[in-house]
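Q: need a structure here:
(chains A and B)
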Amino acid sequence: MDTAKHYALIVGLSQYPSVGTLKGPVNDLQDVSDWLTKELMVPEANITRWTDTPKLFRRPSADDFYDWILDWVEKAKQATGTFPLGDRLYVYYAGHGYNATTGQQSMIMPRSTPETWNVVPMVPLRESLRLRAHFQEVVVIFDACRDTLGYGVDAVWLDQPQAALNSNQVRVFSAFASKTGKKAKEVDFNGRWAGVLTQAFLAGAKGYAADENGVVYANAMKRFVIAAVKDQLGIDYEPDIDDGSDPNDPPWPLFQAARKLPRIVIQPVTVTSGKAAFRQILTGDTVEIDLAAGTQVKEVPYGYYGLTLPGQAEQKIIAAWEEKVVQV
Amino acid sequence: MEMDLDHVLDIDEGRLVSDRTAMAKAFANAGQSGKPIIVHFHGGLVSRNSALAGAPSMQAFYQNANAYPFIPVWKTGPWEVAQDIWVKIAAEALFKILVDRVTGFVHARMKDFLGTRSLSMERALGKVTDDVLAQSSTGNGDFPKEFLHLDVNSVRGDPELELKAFQEKSVEAAVRNDAELNRIVDAVLQGADLEVDPGARSVDVARATVPIESVADRDALLELQGDANARSLGIGTALAVVTIVSRVIKRFVHRSDHGLHATVVEEVLRKFYLGGIGTAAWSKMKEYTQLAFLPTTLNAAGTALMEEFKKLPPAQRILLAGHSAGSIFICEFFKHLDAGGRRFEVVFMAPAVTTKLFTQTVLAKQQLIASQVGGELKFRMFSMNDTYECRDTLVRNVPVLGDLTWFYPRSLLYLISGILEQEDDKEVVDAAVLGLQRDYDPAYRSAGDAEIVAARDFVEGHGERRVWSVQSNADARFQSNSTSHGGFAAPMAGNTTMESVAAILKQDW
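A: As a prediction, the model looks like this:
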């Protein structure tokens, strides 16, 4: 993976005069930026960052996205090759979002008011990039709400590119923070607010979704992020992720990172004697835990586990984040 | 009912209507008795008839404390019947649905504020039923966390909580499509003979079939009708709801809320029932206490009292006791006292006077409060601690209905603070009231205001000057077990507030 040929547009918007302020997107932007430059070693020059622009907060706007696409179009004219501009393009957005009644999920730009909307529909933008096939891979992360606004405008996307001959070879990984009609969440991560989808994605990319060979495949990333979001927000929350892979496709390696194992810390508090059964649900592998031995730490691959205490029904545990404390 | 003119003074709109000569004779008797004199001013929710009916037992209670009592029965005017209208408001479909909808929207805003990245205000709260409201009233005076699934304390004071244009739009869109709410509004407008134009209704909202009579303010309904006809019924209703939701949220931002439940009720009342809830009546009652001391008032009762006090032997103790609005009467009394005159002992029970009036009157003339040998002033306030104040359901013992736990979850003092205390030139919310312990909290929104600081220093700065019920004490003069606003001044054995007053009369301070 030659990350020198990776490019990114990362957008984190916290200030919206007509909508309200978010605490997380600017932090998310910083985290994604750090991950790209310090861990993936994507060249600084390959990254475009857009964030709040005081005092009027009128940028970025939909026009900036069109300009950004036109810039790629101009560069592509000067380039050659099957995928002339690079191996991968990241499009990351954290901020306010919504679904129009047609189900079209959109980024809302800060200049929007209920009378004057300025929005960018994410899927048409993604398709604009895929159809041009400037890049071999596109990774889209949309950490914003998708709740349906009855009064919301159904944005028209004014970019209508001809499909490049190899556009069907472009692989696309898309992660939306919620299913259509649902909201995205940001929470306090140890005193710092951030988007749950973003943090789950970064955790997976940094190794928690990696296999024993240090590869994070797209399908594993999908499973990991869903588990991590559910663990953080509850079983009712589920991100909407397309791993870009059909069943017969070869695995798509997204990232390389040393494998990290989540820790499950079992603390006997009220049940302090007897044996508990700790089971990996996917494989059925079960180990016995002596509760009288006090607190025990299990480093396990991410996923779903079951803990059965003496005389009780099995309780589900999700392993995804660095550490999960389970008091029994 | 025949009055005992040796002890009862009949006052109507500030005028003494009982016999002035009999009053002078009674005070002469009091002076000759050598006993401590107590003048007990009842609260505002006590009607003249019930005050007259209760006067003998009050009189007997104080006589048993070896005092010479005077019981001014002062007519508090329309305020006396406020409770009757509260019962009607509480039963109204319009009131109930507004409380439900406003609570839902405010909750949605708070929930979104705590970490969602959306523009909308989708309701996530269960229906605010009578049972839910009752649970709030009988618990801690607010919706439990288990119902809200959030802690309102975590959003209080954050200016970012305020509604922005998109949230207002979201509320507006939801209300426009709220067929149940719009049907009730339609019915209420019909019931007030304020029918909307046929074209004001959406095509999918049928005209309400049965008009509803409402005690909502006519001005508010006229505004609703005007907005409905100018735009549509749905938008007219939406504008009103947006206003209420916005006000509730602003109060959380400015830390002037009284919890979610009480604040929602107060703001619904402010928008639609300001007349019905008794704001004008409350102001009128206060005006009567002022009239009692004006030279332009014929037979001004307060002036007559001052004249009689001057005739009493200088060493004779005079204790002025005021329950609830009775404290306002005493503050007006202090306002008109001569600086060099005699001194008075003061007991307040659940005083409904604002700290503003208190500091301008009693505090400004505190040299006229009698003092003990050591110089400590003879002043004591009995009031509920905030836990009990929040639990004290406003409307109780309604025939057939019992306690209206679903109407307003907190005490009368909270209602006074939240909505009844108004000033001519500005809208007041969360007025500082002397008997509300909350106002003495250093975290209170106006804790730094000069009048609050002065009142706090005077009352809280001296432990012997206040008893926050429930409080037990080996010394019988410092007890209170009152857990309801009305309970403080009940002259009966077992009411340790009144027993404390009796002990003060018997043992001195």
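Q: ranges for the strands of chain B?
A: B:8-12, B:15-16, B:37-41, B:68-75, B:318-323, B:345-349, B:379-384, B:466-469 (DSSP state E).
Q: can you put those in a markdown table and add mean neighbour count, distance to chain A and mean pLDDT?
A: C-beta coordinates here come from the backbone N, C-alpha and C atoms, glycine included. Formatted as a markdown table, the strands of chain B follow (neighbours: other CB atoms under 10 Å in any protein chain shown; distance: least, CB to the nearest CB, whole Å; pLDDT from 0 to 100):
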| stretch | mean neighbour count | distance to chain A | mean pLDDT |
| --- | --- | --- | --- |
| strand B:8-12 | 23 | 54 | 94 |
| strand B:15-16 | 20 | 56 | 95 |
| strand B:37-41 | 26 | 49 | 97 |
| strand B:68-75 | 24 | 51 | 93 |
| strand B:318-323 | 25 | 46 | 97 |
| strand B:345-349 | 27 | 44 | 98 |
| strand B:379-384 | 26 | 36 | 98 |
| strand B:466-469 | 22 | 36 | 96 |
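Q: and whichever residue of the stretch 1-150 of chain A sits closest to chain B, which of the three is it?
A: Residue of the stretch 1-150 of chain A nearest chain B, by CB to the nearest CB: A:C145 (3.4 Å). Three-state call for A:C145 (DSSP: H, G, I helix; E, B strand; the rest coil): coil.
Q: pretty sure it contacts A:K183?
A: Yes - using CB atoms under 8 Å, A:C145 is in contact with A:K183, at 4.5 Å.
Q: so what sits against both of these two?
A: B:116-118 (CB atoms under 8 Å, 6 or more residues apart in numbering or on different chains).
Q: and which of the residues you listed is nearest to chain A?
A: B:S118 (3.4 Å).
Q: list the contacts of the closest one.
A: A:96-98, A:145, A:147, A:183-184, B:112.
Q: could you find the closest non-adjacent residue to it?
A: A:C145 (3.4 Å; CB to CB, 6 or more residues apart in numbering or on different chains).
Q: what about the one you found, neighbour count?
A: Burial of A:C145 is recorded as 29 neighbouring residues (other CB atoms under 10 Å in any protein chain shown).
Q: quick one: mean pLDDT over stretch B:207-222.
A: Across stretch B:207-222, pLDDT averages out at 93.
Q: and what of stretch A:199-210?
A: For stretch A:199-210, mean pLDDT rounds to 97.
Q: would you mind listing what in the stretch 151-300 of chain B touches chain A?
A: Contacts of the stretch 151-300 of chain B with chain A, taken as CB under 8 Å from any CB of the partner chain, map to B:160, B:164-170, B:173, B:177.
Q: in helices, which of those appear?
A: Counted as lying in helices by DSSP state H, out of those, are B:165-170, B:173.
Q: pLDDT weak spots in the stretch 101-250 of chain A?
A: For the stretch 101-250 of chain A, no stretch is flagged by pLDDT under 70.
Q: residue boundaries of the helices in it?
A: Taking DSSP state H, counting those that start in this stretch as the test, the helices found in the stretch 101-250 of chain A are A:122-132, A:196-203, A:218-233.
Q: identify the residues contacting the last one?
A: This points to helix A:218-233. Taking CB under 8 Å, 6+ apart as the rule, helix A:218-233 contacts A:171, A:173, A:175, A:177, A:185, A:187, A:196-197, A:199-201, A:203-205, A:208-211, A:237-239, A:241-245, A:251-255, A:302-304, A:318-321, A:324.
Q: mind giving me the domain split of chain A?
A: Residue ranges for the domains of chain A, per automatic domain parsing: A:3-256, A:263-327.
Q: could you say which of the ones you listed is packed most deeply?
A: Ranked by mean neighbour count, those are led by domain A:3-256 with a mean of 19 (mean count of other CB atoms under 10 Å in any protein chain shown).
Q: ok so, going back, okay, the shared contacts of A:C145 and A:K183 in TSV with distance to A:Q312 and pLDDT next?
A: Below are those laid out as TSV (distance: CB to CB, whole Å; pLDDT from 0 to 100):
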residue	distance to A:Q312	pLDDT
B:T116	35	90
B:R117	38	87
B:S118	38	85
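Q: any of the residues of the stretch 151-300 of chain B next to chain A buried? List them.
A: Listed as buried from these are B:164-170, B:173; burial here means 16 or more other CB atoms under 10 Å in any protein chain shown.
Q: can you report how many residues neighbour the nearest residue to B:Q190 once chain neighbours are set aside?
A: Distance criterion CB to CB, 6+ apart; nearest residue to B:Q190, sequence neighbours excluded, is B:P211 at 3.9 Å. When neighbours are defined as other CB under 10 Å, B:P211 has 15 of them.
Q: the one 4 residues further on now?
A: The number of residues packed around B:V215, counting by other CB under 10 Å, is 20.
Q: mind checking how far the residue nearest to it when sequence neighbours are not counted is from B:L269?
A: Of all residues not flanking B:V215 in the chain, B:G276 sits nearest, at 4.5 Å (CB to CB, 6+ apart). Here B:G276 is placed at a distance of 8 Å from B:L269 (CB to CB, to the nearest Å).
Q: same check on A:Q104?
A: A:Q104 is 43 Å from B:L269, where distance means CB to CB.
Q: now swap in B:D430 and tell me
A: According to CB to CB, B:D430 and B:L269 sit 14 Å apart.
Q: for A:Y98, same thing?
A: Note on A:Y98: its distance to B:L269, by CB to CB, is 34 Å.
Q: same deal with B:R438?
A: 20 Å.
Q: of the two, who's got more company?
A: Looking at B:R438 and B:L269 with other CB under 10 Å, you find the greater number of neighbours at B:L269, namely 29 against 19.
Q: and for the residue nearest to that one when sequence neighbours are not counted, the neighbour number?
A: Sequence neighbours aside, B:I277 is the residue nearest to B:L269 in space, at 4.7 Å (criterion: CB to CB, 6+ apart). As a burial measure, B:I277 scores 26 neighbours (other CB under 10 Å).
Q: and B:I277, what pLDDT?
A: Looking at B:I277, its pLDDT is 84.
Q: was I right about A:P268 contacting A:D290?
A: No - A:P268 is beyond contact range of A:D290, at 9.5 Å (criterion: CB under 8 Å).
Q: counting neighbours, what do you get for B:K310?
A: Using other CB under 10 Å, B:K310 has 12 other residues around it.
Q: quick one: contacts for it?
A: Contacts of B:K310 by CB under 8 Å, 6+ apart are B:341-342.
Q: from B:D338, how far out is it?
A: Counting by CB to CB - B:K310 and B:D338 are separated by 9 Å.
Q: and B:P36, its phi and psi?
A: For B:P36, the backbone dihedrals are phi -60, psi 140 (criterion: degrees, to the nearest 10).
Q: neighbours of it, how many?
A: Other residues near B:P36 come to 21 when the count uses other CB under 10 Å.
Q: next one: B:L298
A: B:L298 has 9 neighbouring residues, counting by other CB under 10 Å.
Q: pretty sure it contacts B:G14?
A: No - B:L298 is beyond contact range of B:G14, at 9.3 Å (criterion: CB under 8 Å).
Q: confirm that A:Y7 sits in a helix.
A: No - assignment of A:Y7 by three-state DSSP gives strand, placing it outside any helix.
Q: who touches it in this structure?
A: Residues near A:Y7 by CB under 8 Å, 6+ apart: A:42, A:46-47, A:85-86, A:88-90, A:135.
Q: okay if I get these as CSV plus distance to chain B and secondary structure?
A: Listed next are the contacts of A:Y7 as CSV, based on distance: CB to the nearest CB, whole Å; DSSP: H, G, I helix; E, B strand; the rest coil:
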residue, distance to chain B, secondary structure
A:V42, 25, coil
A:N46, 27, helix
A:I47, 22, strand
A:L85, 30, coil
A:G86, 29, strand
A:R88, 26, strand
A:L89, 23, strand
A:Y90, 19, strand
A:F135, 27, strand
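Q: no further queries at this time; thank you.
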